[in-house]
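>>> The sequence and its predicted three-dimensional model are supplied below.
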Amino acid sequence: MTIKRSYIIAILLGIAMVGCKEQKEKSAQVVQDKKKPNIVFIYTDDLGYGDISSYGATTISTPNIDALAKDGILFTNAYATAATCTPSRYSLLTGDYAWRKKGTGVAAGDESLLIDTRKTTLPGILKTAGYNTGIVGKWHLGLGDENGPNWNGKISPGPLEIGFDYSYIIPATGDRVPCVFVENHHIVNLDPSDPVKVNYKEKIGNWPTGKENPELLTMKPSQGHNNTIVNGISRIGFMEGGKAALWDDETIPMELVDKSKKFINSSKDQPFFLLLSTHDIHVPRVANKMFQGKSGMGPRGDVILQLDWTVKEIMKILETQNLLDNTIVVFSSDNGPVLDDGYHDQARELVGDHKPTGGLRGGKYSSYDGGAKIPMIIRWPDAKGKGSISNALFSQVDFLRSFSTLLGVDVDKGQAVDSQNMLAVLNGEDQSGRGSLIHESFQGPLSYIENGWKYILPHDGPKMVPWGPKIETGFETKPQLYNLVEDPNEQDNLANEMPEKVAELQEKMGIVTQG
Ligand code: NG6
Ligand code: CA
């Protein structure tokens, strides 16, 4: 409907404006813009390689996500650049590995904006190409200048200063205060007579905390998460005020779908880029009533079903607007999975035979593949090999240069230094992909993957993630070398047997990290 209407408008404009050269060019531009594919990027949080049925899960069914794979390409060798959220997102948006910039580990809830506003960014590239660019959902890349976010005034710089035309965000994470949405530069529904106060160092105000008033909790923390209680859940950080602005944990996905819908509908005469960055399936896992108890795996399974619902709703909007044939839908995750990530929500007790990492070693935070190897599906109507599986090596840092190539936008020298044009991988023409990639674990240590081999840089750190999620970090003081083709679960360290291979990969990794 929309496309047809725009074409007709364009033609009518052209006829009406005969003789008026400028207007003619403008209407031609409309037609041209309509040929540019819209991009909807559904970026999920902490969803593992084995968490959805298209990647082999059998105790849970995700038919709507699976439908993307049926119509698109499912990638078996795609990586986030990190095993935690902030650095992965930094790389996705800037085309740089995050470890090149200090302070890009998991961001505090009152962090300053981590992306330099002068940098080339993925939304900035798309904006240059004429796209309406929007982000809806989790941000977690800091807000505000060096003093941090001005919660009660104009919150800037943020998404709008790095290339987004519209933003409706969870400032950090669902488990960090303030528990409010920020639309463009302001907190939504903020009553000026009830200002928001936030402190990450000490208690501020009188709202109860999980530590002092555990009897008020509906979900109890297992690690940390014992500061201010909001909606019966104690969070990381202290807050008070902004009562009218607090989100409702049970309706976050509905709110994000609604805002996505409005954004898509408002982009009628322009191609659009929507980064829908879901809260699911991060903690606290509070499923809506529609999904509570439906998975048999407790809240973690229920929010996977809820995520599948989100995908269904987004696809429905695209279908209703007749945009399915001209929209690239990307589905992926920012890092690997975790069961107990700080709340007693029975994730570990009820997981049964389900394997969140699909058998990969480690998980969120880890140097092993469970940390950064993620599910990735692309539904691209023009792609070759619909319904196929691609084993090409791919890093999320590559989206920037792939889409800039697609749209013919030049990237300045010295920008997006780690991003490679992988357009042919994304549209199914190339099955090999990158020569190599690097991913980082929490605390920063790096792993280098090349040609089916993985080298993990020695690091003197704890063997297990220290605060209790029961995940192996992958840290060893000696080099580790794995043959990912024969040993995808990284069980057999071949470093002692193959010192030349270790030396070769060390040297090649050094060229990337020092280059
Ligand atoms: C950790 C939190 C964890 C989660 C993570 C960030 C504790 C004990 N754990 O510090 O719950 O919030 O940070 O997750 O506080 S991420 O997906 O945004 O990287
Ligand atoms: Ca995450």
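Ah, there it is. Numbering: from 1, shown residues only. Ligands and ions are numbered 1, 2, ... in the order given.

>>> helices or strands next to the biggest helix by length in the chain in the packing?
Secondary structure assigned by DSSP state H gives helix 298-320 as the longest helix of the chain. Helices and strands touching helix 298-320, by 3 or more CB pairs under 8 Å, 6 or more residues apart in numbering; DSSP states H and E, are strand 38-44, helix 63-71, helix 252-266, strand 327-333. Glycine gets a C-beta too; all of them are placed from N, C-alpha and C.

>>> now with 6 Å?
Helices and strands touching helix 298-320, by 3 or more CB pairs under 6 Å, 6 or more residues apart in numbering; DSSP states H and E, are helix 63-71, helix 252-266.

>>> any idea of the mean pLDDT in the longest one?
Read it as helix 252-266. When pLDDT is averaged over helix 252-266, the result is 98.

>>> what is the orientation angle of it with strand 38-44?
170 degrees (axes from the mean of the first three to the mean of the last three CA atoms, to 10 degrees).

>>> buried residues in helix 252-266?
In terms of neighbour count (16 or more other CB atoms under 10 Å), helix 252-266 has its buried residues at 252-257, 259-261, 263-264.

>>> Which residues of the stretch 151-300 of the chain lie near ligand 1?
Within the stretch 151-300 of the chain, the positions near ligand 1 by CB under 6 Å from any ligand atom are 173, 175, 223-225, 236, 282-283.

>>> now that we have the residues you listed, which one has the most neighbours?
Most neighbours among these, by other CB atoms under 10 Å: Val283, with 26 neighbours.

>>> gap between the longest helix of the chain and the chain center?
16 Å (CA atoms, centre = their mean, to the nearest Å).

>>> Name the residues of it that come out as buried.
298-311, 313-315, 317-318.

>>> Now do that helix against helix 63-71, angle only.
50 degrees.

>>> And the residue of the stretch 201-350 of the chain that's closest to ligand 1?
Gly224 (3.3 Å; CB to the nearest ligand atom).

>>> one step back: please write out the alpha-carbon positions of the longest helix of the chain in CSV.
The C-alpha trace of helix 298-320 is given here as CSV (Å, rounded to 0.1, in the frame of the first residue of the first chain):
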residue,chain,number,x,y,z
GLY,A,298,10.4,-20.5,34.4
PRO,A,299,10.8,-16.9,33.5
ARG,A,300,13.9,-17.4,31.3
GLY,A,301,12.0,-19.7,29.0
ASP,A,302,8.9,-17.5,29.2
VAL,A,303,10.8,-14.4,28.0
ILE,A,304,12.2,-16.4,25.1
LEU,A,305,8.5,-17.0,24.0
GLN,A,306,7.9,-13.3,24.6
LEU,A,307,10.8,-12.4,22.4
ASP,A,308,9.3,-14.7,19.7
TRP,A,309,6.1,-12.7,20.1
THR,A,310,8.0,-9.5,19.6
VAL,A,311,9.3,-10.8,16.3
LYS,A,312,5.8,-11.8,15.2
GLU,A,313,4.4,-8.4,16.0
ILE,A,314,7.2,-6.6,14.0
MET,A,315,6.7,-8.9,11.0
LYS,A,316,3.0,-8.2,11.2
ILE,A,317,3.5,-4.4,11.1
LEU,A,318,5.8,-4.8,8.1
GLU,A,319,3.3,-7.0,6.4
THR,A,320,0.4,-4.7,7.1
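
>>> For it, which outside residues touch it?
Residues outside helix 298-320 that contact it (CB atoms under 6 Å, 6 or more residues apart in numbering): 51, 60, 62, 64-65, 253, 257, 261, 264, 280-281, 285, 287, 291-292, 294-295, 324, 327, 345-347, 350.

>>> Now do stretch 457-469: distance to the chain's middle.
24 Å.

>>> of the residues of the stretch 151-300 of the chain next to ligand 1, closest to Leu457?
Each of these was checked against Leu457 using CB to CB; the closest is Gln223, at 26.8 Å.

>>> nearest spatial neighbour of Ser366, skipping sequence neighbours?
Spatial nearest neighbour of Ser366, excluding adjacent residues (CB to CB, 6 or more residues apart in numbering): Gly474 at 5.0 Å.

>>> Thank you kindly, that will do.
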